[in-house]
Each structure stands twice: as C-alpha cells, then as structure tokens.
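[1] Sequence first, then the predicted structure:
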Amino acid sequence: RRVWDKNNTTALRDGAYGGAEKERLQIERGTVIFVVPLRCALCTRASEKFNELVSRLTRLCFPREKINKSWPALALTLVLERALKTRSRWSTYIGALPYDLDAVIMWHRKQSHALLVHTAAHDFLFQTDRMRSSFHSKILLALERDEALRRQTSPNLLAFALKHISWQTFRWALAIVGAYSFTLPSDESCALLPFADMLNARTGYNNARLFAAGHHFMKMEAIRTIPAGDQIYNTYGQLSNAELLCRYGYVDIPNPYSSALVNIKRSAAGFPRSYAAKTLARVRLAYRRCAIQHPGKLPLFSPQNRKRSAIVRWLLARNPHESSSILAHAIETALSSHQRFLRTNGDGFDRSGITQSRISPRHRRHEHEQHRSERRAALAIQLRAGEASLLEAWHRVLAERGKCRVSSRGEESLDHKGGAP
C-alpha cells in the first residue's frame, strides 16, 4: 500500500455510515490520495484454491453471467475464503469486514415485507426472493447432486464447500459484494479492493474517485478540493433512498434523488371512460407501478424505470388533464398508506408494533436481535417519511398549479408563471 506523503488522514468510525477517512490537511483537486496494488484485490480468478470450483459452479447455475463480472461468483469465493480463516491470504481483510449489515437481503423475510410494502424498495424484495430460490434450487442442488461437478472436483474440496456454503453466509457475502466491490478497468471484473473500500458514501458529497494507475495499481484521486477537517467520500452514484437501503443498508437525509412508488394502473381503474385509462389498460408495456421523483429540474419519473415511465410520460403529453388526475389519485393513495404506517409505528417502534410482532419468539429472546430489528425498523420509518414528504410535494404541485405538461426531453414543467418549484 502506498499513500501520498503529504497527506495526513485520520481513520474514524461514523455511526451512520461505517468506516471513514477524515482530512487534517486540505487536499487539492487532482491529488492522488492513495494507491492500491491490484495484487491485493480479492476476486474469483485470484483465489487459487477455489477458482476452478467457483467457475464451474457459476457456469452451471448462472450460465448467462461472465464469471469475472458475476456477483454470485465473487460471493461464493468470499464465503470459501472466509471459511479458511488464517489460511487465506485475505484473512486480515475479511476479518475487518462487518458482519451485521442492514442491506435488505439480510433482513428477515416477514419483517422486510411488513416494513417495506408499498415503498419504492418493495420491488427489490422479489429480487431477494428469487436469489434465495436460486441458491436453494441451483447452487446447493449442484453441490449435492451434479455428477459432472463431482467428477471434476476433489471430494475434500466439495465437502468443504458443502459444509460452509449456506444461505446465511451466501447472503452476507452478497451484501458485502454489493456494498464494497469495485469494477476493475482492465477487464471490467468485479473485485473487493482492500483499503479502497474504507471511505464513506453520502449522496451529493462525492469528492474522490477510483481510477486506474497503470496496469497494476488503482489510485483514489480527489475530484474536487477537500477542505481540512472534511471527510473523503466515494459515493455509489445518484441513487434514491430505496436503492441505498436495499443495496447498502442506509438512507441519506436529505437525498435529492429520492423516489416514491405510485400505483398508476389501480388509480386508472377509477376512470373507466377516460382516454388515458383505456390506453393504459390496452398497451402491453404499461406497468403497474412507477417511481416519481422531486418536482423541479429532475425527470418526472426515475431514470432507473424508463420502461415503466415511458407510457405515463406519453399519456401526460397526449392527454394532460385526465392523466394528471390519475397521477394525483395515485399519489393520494400512496401518501395515505405512508401516513397510516407512520401514525401507527413512527413514535414507538422500539416498544410495540412492527418489531415486536414481526420476529419470532426465539429471536425475541436475544437482545442483539432485538436491537437489530429496531434499527431496521428505524430505517424503514426514515424511508417512508422521505417518500411521504416527496408525495406531499407532488400533491401540492398538482393541487395548486394545475395540470402537468411533459417536454419532449422527458422533463416536467408546470403551467404557472412562477415555474417549477
């Protein structure tokens, strides 16, 4: 590890974001903060002991994915390397990784569905269910019964994998890969890079980025001037709070890229004679739910859901009055759901309600499990409060300023002298 000589940094722990780096001296834009050799990277091909087994297993279970870019392949490698303990060359790094994560894949299934239903994070729950099903029906089944894999793998290595690969360890590794991995520019492979992943992430505060430094090193470079005393942030991108919670286990307050989920199709059912409702029901690409973002300069709908929002954008441009009425009804329905949840659980989530009723009595006996459940309930409450404020802003816009019209570029504007809020 090589660190810039003039840099003076202090490692710290931040309760909201985990590990961090705080600057004692000002760092100018373009300064290399530290350099990490690629030989330190933990990736599937770098694991000499498990490379062949993980590659064969990935080809059997996920044939469409490239092994060097596959998150499940890297997660399996991490599980097996962690099981080696001190015999692994990455034992010190793996030992420093957190085990108690708040990414949604680590939540209890009943708790996650109870806390996140009707939020923008709800669709991610189905992805988690599909990954759980794929693990049991593909990965475990291949390890136990696939004859080709048994012929090509030594019995001791196969027994070692069966002993240590479980859904609990696999989902932990998936959460680690999702939160800490980088894409290497040489071959676009997915890898865990020690020391580079210790920086905090906060939406809108990105001041450092990882770049290639030749063929054998990666450098963290300041992309703007960092004043003395400020943290070094390497963010995940312009993500909503729902995406941050599902993938990385935290929310940012405030977050200018937050989104909320509204059910367009259900609201259109109340307008049976309208042109917009008939078109929405007829077109095949019309999805049930669409994500909306803050009114203003941002797009009307989340860019991550272009297919879902294309039909609604077209309807708002073609028939703005009836389409905006449908959108207003969908927003009111979603807002009432969030407000009802916050009234029920917003004040006493740690004493009664969701955290006490959604976990089993066996888990309730453990204080650590109770604290974890309360922490995740608090994250869900923060997520819902942010979505409720966003829906309230849209409700005021539609109520006070009339109908929306959508430009050809997909950005919303309002028929009002004052312009967008």
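    Received it, and whenever you're ready, just let me know what you need. Numbers count the residues shown, from 1 in each chain.

[2] my read is residue 209 is in a helix, agree?
    No: assigned with DSSP: H, G, I helix; E, B strand; the rest coil, residue 209 falls outside any helix and is strand.

[3] Provide the partner residues of the closest residue to residue 31 other than its chain neighbours in its beta bridges.
    The shortest distance from residue 31 to any non-neighbouring residue, by CB to CB, 6 or more residues apart in numbering, is to residue 222 (4.9 Å). (Glycine included, C-beta is placed from N, CA and C.) Note on residue 222: beta-bridge partners by DSSP bridges are residue 208.

[4] now the one 4 residues further on
    Beta-bridge pairing for residue 226 (DSSP bridges): residue 27.

[5] and it, what does it touch?
    23, 26-27, 207-208, 232 (CB atoms under 8 Å, 6 or more residues apart in numbering).

[6] among those, which two are most distant?
    Farthest-apart pair in those is 26 and 208; separation 13.7 Å (CB to CB).

[7] just to revisit the earlier point, look up how far residue 209 lies from the residue nearest to residue 31.
    To residue 209, residue 222 is 8 Å away according to CB to CB, to the nearest Å.

[8] Looking at the two, which has the bigger crowd around it?
    residue 222 (21 against 13; other CB atoms under 10 Å).

[9] so, if you compare the contacts of residue 226, which one comes nearest to residue 214?
    Comparing those against residue 214 with CB to CB places residue 208 closest, at 18.9 Å.

[10] if I look at residue 100, how far off is residue 368?
    Taking CB to CB, one finds residue 100 at 8 Å from residue 368.

[11] what does residue 187 give?
    41 Å.

[12] re earlier: list buried residues within the contacts of residue 226.
    The neighbour count (16 or more other CB atoms under 10 Å) marks 23, 27, 207-208, 232 as buried among the contacts of residue 226.

[13] now, among those residues, which is nearest to residue 96?
    Residue 96 lies nearest to residue 232 out of those, by CB to CB, at 18.1 Å.

[14] wait, isn't the closest one in contact with residue 34?
    No: at 9.7 Å, residue 232 does not count as touching residue 34 under the criterion of CB atoms under 8 Å.

[15] Can you report how many residues lie near residue 153?
    Counted with other CB under 10 Å, the neighbours of residue 153 add up to 18.

[16] oh, and call the first residue 15 from now on, that's how I've got it
    Taking 15 as the first residue, the last one we looked at is residue 167.

[17] which ones are touching it?
    66-67, 70.

[18] what mean pLDDT does stretch 162-169 have?
    For stretch 162-169, mean pLDDT is 88.

[19] Please name the strands paired to the helix or strand containing residue 48 in the sheet, noting orientation.
    For residue 48, the element it lies in under DSSP states H and E is strand 46-51. Paired neighbours of strand 46-51 in the sheet (DSSP bridges): strand 16-17 (antiparallel), strand 231-236 (antiparallel).

[20] rank those by pLDDT, which is bottom?
    Among the strands paired with strand 46-51, strand 16-17 carries the lowest mean pLDDT, a mean of 36.
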